[in-house]
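Participant: sequence below, structure please.
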Amino acid sequence: MHPIIGHIGPLTIYSFGLMLAIAVVVCSFLLSRDAKKFGISQDVIFDFAFWVILAGIVGSRIFFILLNLPDFIANPKQVIMISNGGLAWQGGLILGGLTGLFYIRKKSLSLRLMADLSAPYLALGQAIGRLGCFLNGCCYGREVSWGIYFPIYDAHLHPTQLYEAGYLLMVFFILKNLQRTAIIRGEIFSMYLMFAATGRFINEFFRADHVNTAVGLSVFQIVSIGVFVIGFYMWLRLRRPAKAII
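Facilitator: Modelled structure (predicted):
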């Protein structure tokens, strides 16, 4: 598609990296604006966002590399070529989540409040990132006659990047709307886990950049099932009357 947006002198601007940068700036700004209503300073939020996003990118890359280890062993230089794509959301959720938890504890912030404030922007950031995948041509779908033509593959493919981007944008608006009515802190984040896992599980059926396991599902689908179960368990636990916040 358009993996390279342009050049500024010797600097090459990659579409995937540009969309990641846009996602970081937009989501950090919006999160800091929301957190200000709860007396949390912008400096705290920007530091929080920086470390969580950095850990999320590293975790996503590590997980992707582990799933495609033979390819990276054969061509180790590709390990650092994030501009070509190759991030696995589930790995980013794990490492980014652990980093966020450490930071929240260190700053004595409310874990549930921070999780709920961040959840919609996790979905929004992923949606913007998927646009980068579309421009880059990675995370591609199966061949279909009415699909979008991808010159790099010389085929018409399911635009799975756009499917996921549209779905995650919808999730963003749903979660933002729920923030106005939710009375149980932590509930928004648990719903994000369920929504994100469901979308990825379904979208995998249309993608062509993975190999199914012996049970007929991709590794990403299996992990998504685990993420959904965790989110559903959290939701059930939080729905107990004693957890309600007056």
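Participant: residue 190 against residue 229, yeah?
Facilitator: No. Using C-beta atoms under 8 Å, residue 190 is not in contact with residue 229, being 11.2 Å away. For glycine as for every other residue, the C-beta is placed from the backbone atoms N, C-alpha and C.
Participant: do a quick rundown of the helices in this protein.
Facilitator: For the chain, the helices defined by DSSP state H cover 15-36, 42-67, 69-74, 89-106, 111-136, 160-179, 187-203, 219-238.
Participant: leaving out sequence neighbours, find the closest residue to the residue most central in space within the chain.
Facilitator: Nearest residue to the geometric centre of the chain (C-alpha atoms, centre = their mean): residue 126, 3.9 Å. In space, and not counting its chain neighbours, residue 126 is closest to residue 168: 4.9 Å by C-beta to C-beta, 6 or more residues apart in numbering.
Participant: so what's the one you found up against?
Facilitator: When contacts are counted by C-beta atoms under 8 Å, 6 or more residues apart in numbering, residue 168 touches 123-124, 126-127, 130, 196, 199.
Participant: same check on residue 90?
Facilitator: Listed by C-beta under 8 Å, 6+ apart, the contact partners of residue 90 are 60, 63, 220, 223-224, 227.
Participant: please repeat the previous calculation with a cut-off of 6 Å.
Facilitator: Neighbouring residues of residue 90 by C-beta atoms under 6 Å, 6 or more residues apart in numbering: residue 223.
Participant: determine which two of the contacts of residue 168 are furthest apart.
Facilitator: Farthest apart among the contacts of residue 168 by C-beta to C-beta are 124 and 199. That separation is 13.5 Å.
Participant: what touches both of the two?
Facilitator: Listed as contacting both residue 124 and residue 199 by C-beta under 6 Å, 6+ apart is no residue at all.
Participant: residue 142: how many residues sit nearby?
Facilitator: Applying other C-beta atoms under 10 Å, we find 14 other residues in the vicinity of residue 142.
Participant: mind listing the strands the longest strand seen in the chain pairs with, and their directions?
Facilitator: When the chain is parsed with DSSP state E, its longest strand is strand 143-150. Sheet pairing for strand 143-150, assigned by DSSP bridges, gives strand 155-157 (antiparallel).
Participant: what's in contact with the strand it pairs with?
Facilitator: With C-beta under 6 Å, 6+ apart, strand 155-157 has contacts from 140-141, 143, 147, 149-150.
Participant: out of these, who has the most neighbours?
Facilitator: Within the contacts of strand 155-157, neighbour counts (other C-beta under 10 Å) peak at residue 140, which reaches 26 neighbours.
Participant: give me the phi and psi for that one.
Facilitator: The phi/psi pair for residue 140 (degrees, to the nearest 10) reads phi -80, psi 160.
Participant: cool, residue 211 as well?
Facilitator: phi -120, psi 130.
Participant: list the contacts of it.
Facilitator: With C-beta under 6 Å, 6+ apart, residue 211 has no contacts at all.
Participant: so what's the predicted local confidence for it?
Facilitator: What the model reports as pLDDT for residue 211 is 79.
Participant: coming back round to it: any of the contacts of residue 168 buried? List them.
Facilitator: 123-124, 126-127, 130, 196, 199 (16 or more other C-beta atoms under 10 Å).
Participant: residue 92: which of the residues you listed is nearest?
Facilitator: residue 126 (9.1 Å).
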